[in-house]
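K.L.:
Got a predicted structure here, sequence first:
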Amino acid sequence: MATGKQSSGAQDAQPPYQIRCTHLPLGVYREIAAHLRQVTGVEAGLLPQTSQDFDYLKSQAGGLWIRYKPEADDASHLRVEQVLAYYGDRYGDWDVIKSQAAVERK
């Protein structure tokens, strides 16, 4: 499973923003991650599925992580929101697994 760009550093060990849509197909998660990686200053990838039980009605990905690099500007943030809203309208609401603020407090 592709997890996006690889980079080094302690901060990279725990992506700052993690979301999921319970019934989103794996192929669509991959499509979203690829779309987000095209936005300036944005890295994105898939989280592994943590469930021990296979269920055709649930996603085979654990979610999506998004990291904003320093070069991400307001337009980049807006574009990410637009992409997530587009897919959220079609597949259901996004649940926040870990917000950027929660990671920054550590």
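P.N.:
Nice, I can see it.
K.L.:
tell me how far the ends of stretch 86-98 are from each other?
P.N.:
Using C-alpha to C-alpha, to the nearest Å, one end of stretch 86-98 lies 21 Å from the other.
K.L.:
Let me see the mean pLDDT of that stretch.
P.N.:
If you average the pLDDT over stretch 86-98, you get 93.
K.L.:
list the buried ones in that stretch?
P.N.:
For stretch 86-98, the neighbour count (16 or more other C-beta atoms under 10 Å) marks Y87, Y91, W94, I97, K98 as buried. For glycine as for every other residue, the C-beta is placed from the backbone atoms N, C-alpha and C.
K.L.:
which two from those residues end up farthest apart in space?
P.N.:
Y91 and K98 (20.2 Å; C-beta to C-beta).
K.L.:
what's the burial count for Y29?
P.N.:
26 (other C-beta atoms under 10 Å).
K.L.:
what's the biggest helix by length in the chain packed up against?
P.N.:
Criterion DSSP state H: the longest helix present in the chain is helix 74-91. Helix 74-91 makes packing contacts with helix 26-37, strand 63-68 when contacts are defined by 3 or more C-beta pairs under 8 Å, 6 or more residues apart in numbering; DSSP states H and E.
K.L.:
closest one to A44 among the ones you listed?
P.N.:
Of the helices and strands packed on helix 74-91, nearest to A44 by C-beta to C-beta is helix 26-37, at 3.8 Å.
K.L.:
Many thanks, have a good one.
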